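Asks: generate a structure from the sequence data that follows.
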Amino acid sequence: MNQDDKNKNMRSADLIISTLFLILGIFILIGAFQMPLKDSYGGVESVWYVSPALMPIIIGIAIILLSISIFIFALKQGGLELLKENIAERKKEPLFNESLIRMLATLIPLIWLVFVHLRMLDFCIAVALYLTYTISIFYFDDFKIIKESLKFYSLLMEINLIVRLTTLNVILDNLFVFTTDILAFIELIILIFYIRKKVYASDIKEELIKKYHQALGVSLITPIVIAAVFRFALRIPMPKEGFIMNFMYLIYYAIK
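Replies: As a prediction, the model looks like this:
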């Protein structure tokens, strides 16, 4: 497949993915606005900018705006016509083709982040799990790594979903307050080493090793920076503050 064909496939895929992300952004906003923007604690009414709803509202609005932007760009590039052509051509192809797998590799981690991890895990660990997977595999742009990593990541996420649905996370955290976060942190380490193993087994190992370290650095540093800015500078609570956030509190008050 030449570069022009790849660009055409990308524009048609952009229409589908942007539509799905738009729906996801709307669902996030609906959930966020069910949280109180103001509340009363001990007779003192809190202000809107310290509401736990603020973070998901920002995420939801950002996803909606980006989705609309991508959708409009794809339309201008003839994405609708290309999508119709691709649908006609791919009726003969297997269901789980490369385009569908790439789309699932984009959506599954985001859905898990928003609807499972942010409600169950420490903010930094939840975002680090998401970024470690998504930044790494899409920065590599190696379909074999994307496909194999998606299977492994989905297995980890299914375990976390079972833990949440069975409320096992509540039971474990009652035994020791940060048990669920520690287990998720172990999952993060396993995921890091799994992706590293795939990189070193790749035919283009030399090219991917540098990308791997860059992606890993961004994935681990970004959630800590975001949490520090929002929690300690803007005074906005994170959706769930657990193991890492409490450690950051210790550092913050020790310095202060």
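
Asks: only C-alpha atoms from now on, for both contacts and neighbour counts.
Replies: OK.

Asks: okay, now the unreliable bits of this protein?
Replies: 1-9, 38-50, 86-97 (pLDDT under 70).

Asks: care to break it down by domain?
Replies: In terms of domains, the chain is parsed into 1-93, 95-256 (source: automatic domain parsing).

Asks: including mean neighbour count, could these go into TSV?
Replies: Formatted as TSV, the entries for those read as follows, by neighbours: other Cα atoms under 10 Å:
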stretch	mean neighbour count
domain 1-93	16
domain 95-256	17
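
Asks: so which strand or helix has residue 216?
Replies: Assigned by DSSP states H and E, residue 216 belongs to helix 205-228.

Asks: can you name the next helix or strand after that helix?
Replies: Toward the C-terminus, helix 205-228 is succeeded by helix 243-255 as the next helix or strand (DSSP H and E).

Asks: quick one: that following helix to helix 205-228, angle?
Replies: Our comparison of helix 243-255 with helix 205-228, counting by axes from the mean of the first three to the mean of the last three Cα atoms, to 10 degrees, yields an angle of 60 degrees.

Asks: got the contact list for helix 243-255?
Replies: For helix 243-255, contacts defined as Cα atoms under 8 Å, 6 or more residues apart in numbering pick out 122-125, 178, 181-182, 227-228.

Asks: how far off centre is that helix?
Replies: Taking Cα atoms, centre = their mean, to the nearest Å, one finds the center of helix 243-255 at 24 Å from the center of the full chain.

Asks: now do stretch 107-116
Replies: Between the centre of stretch 107-116 and the centre of its chain there are 6 Å (Cα atoms, centre = their mean).

Asks: which one among the contacts of helix 243-255 gets closest to residue 234?
Replies: Checking the contacts of helix 243-255 against residue 234 with Cα to Cα, the nearest one is residue 228 at 8.9 Å.

Asks: contact partners for that closest one?
Replies: residue 248.

Asks: how close does it get to residue 180?
Replies: Summarising the geometry, the distance separating residue 228 from residue 180, computed by Cα to Cα, to the nearest Å, is 22 Å.

Asks: ditto for residue 245
Replies: Summarising the geometry, the distance separating residue 245 from residue 180, computed by Cα to Cα, is 14 Å.

Asks: now swap in residue 100 and tell me
Replies: Look at residue 100 and residue 180: by Cα to Cα, they are 32 Å apart.

Asks: for residue 125, same thing?
Replies: Applying Cα to Cα, one obtains 11 Å for the distance of residue 125 from residue 180.

Asks: now swap in residue 153 and tell me
Replies: Residue 153 is 17 Å from residue 180, by Cα to Cα.

Asks: residue 250 too?
Replies: For residue 250, the distance to residue 180 (Cα to Cα) stands at 20 Å.

Asks: likewise for residue 236?
Replies: With distances taken as Cα to Cα, residue 236 is found 23 Å from residue 180.

Asks: what's the answer for residue 249, then?
Replies: 19 Å.

Asks: so what's residue 154 up against?
Replies: Counting by Cα under 8 Å, 6+ apart, residue 154 touches residue 108.

Asks: part of a helix, is it?
Replies: Yes. According to DSSP: H, G, I helix; E, B strand; the rest coil, residue 154 belongs to a helix.

Asks: let's have the chain start at 50 instead
Replies: New numbering, starting at 50: the last item is residue 203.

Asks: can you map out the strands along the protein?
Replies: Per DSSP state E, the chain carries strands over the ranges 89-90, 93-94.
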